[in-house]
Structures are given as structure tokens and as C-alpha cells.
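Asks: okay, here's the prediction I keep looking at, along with the sequence it came from:
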Amino acid sequence: MKQAIRLKNTEEAKALPILLNILLRHSPGMVLPERTYVLSAEAVRALREAGVRFEELSTETDAPNLSGASTGARI
């Protein structure tokens with residue numbers, strides 16, 4: 001499961017060594033503008049365990065799906 005988070009400037013400095021370790025090992029992720037990251041649940045858990053504070057923006061389970069939409073229907 002992927003999660004989008006936003007770090008504060010001071011927290012990003014604390015999180016970068018953890019993020020680099022996790023992302024370089026095996027966990028894919030994305031870096032977006034304004035200190036926003038899309039990370040695996042494992043990476044988010046590692047940040048929490050290290051005491052890094054962040055704002056959760058969304059999770060994969062929050063994403064809309066197309067169930068119930070008929071073919072050709074506008075969404």
C-alpha cells in the first residue's frame with residue numbers, strides 16, 4: 001500500500017537518511033514538490049519509529065475506483 005505524506009522542512013532533514021536507506025534498498029517511492037513523498041507502508045512505518053513527524057495526505061485505499069461505473073460513463 002502506498003501513502004502520500006508531507007514533511008516539514010526540519011523533519012525532512014531528519015527523515016532523509018532513513019528515506020535514502022529504505023528507497024535505495026528495495027522500496028519504491030516518489031518525491032514530489034513541496035516536501036511531498038509517496039512511500040510504501042514500510043517506509044512510513046520506519047519514519048514513525050524514528051520519531052519523524054509528518055502530515056498524511058492520502059493512502060491507496062483512499063483513491064477512487066471505478067466500480068459501478070458503466071462503460072462510457074463520465075466520471
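Replies: Cool, the structure landed.

Asks: can you give me the buried ones in stretch 24-42?
Replies: 27, 35, 37-40 (16 or more other CB atoms under 10 Å). Backbone N, C-alpha and C define where each C-beta goes, glycine included.

Asks: following the chain onward from the longest helix along the chain, which element is next?
Replies: Secondary structure of the chain per DSSP state H: the longest helix is helix 9-25. Downstream of helix 9-25, the first helix or strand assigned by DSSP states H and E is strand 30-32.

Asks: neighbouring strands of that following strand in the sheet, and parallel or not?
Replies: According to DSSP bridges, strand 30-32 forms sheet pairs with strand 36-40 (antiparallel).

Asks: between the strand it pairs with and helix 9-25, how many degrees?
Replies: Strand 36-40 runs at 40 degrees relative to helix 9-25, counting by axes from the mean of the first three to the mean of the last three CA atoms, to 10 degrees.

Asks: chain center to stretch 51-62, what's the gap?
Replies: With CA atoms, centre = their mean, to the nearest Å as the basis, stretch 51-62 stands 6 Å off its chain's centre.

Asks: list of residues touching that stretch?
Replies: Residues outside stretch 51-62 that contact it (CB atoms under 8 Å, 6 or more residues apart in numbering) are 1-8, 11, 14-15, 18, 36, 47.

Asks: pLDDT weak spots in the protein?
Replies: Along the chain, segments meeting pLDDT under 70 span 61-75.

Asks: list phi and psi for residue 58.
Replies: phi -170, psi 170 (degrees, to the nearest 10).

Asks: what bridges to it?
Replies: Applying DSSP bridges to residue 58 gives these bridge partners: residue 4.

Asks: give me the neighbour count for it.
Replies: Residues contacting residue 58 under the criterion other CB atoms under 10 Å number 12.

Asks: what's the answer for residue 5, then?
Replies: The number of residues packed near residue 5 is 21, by other CB under 10 Å.

Asks: just give the number of residues close to the closest residue in space to it that isn't next to it in sequence.
Replies: Closest residue to residue 5 apart from its sequence neighbours, by CB to CB, 6 or more residues apart in numbering: residue 54 at 4.5 Å. Neighbour count for residue 54, taken as other CB under 10 Å: 20.
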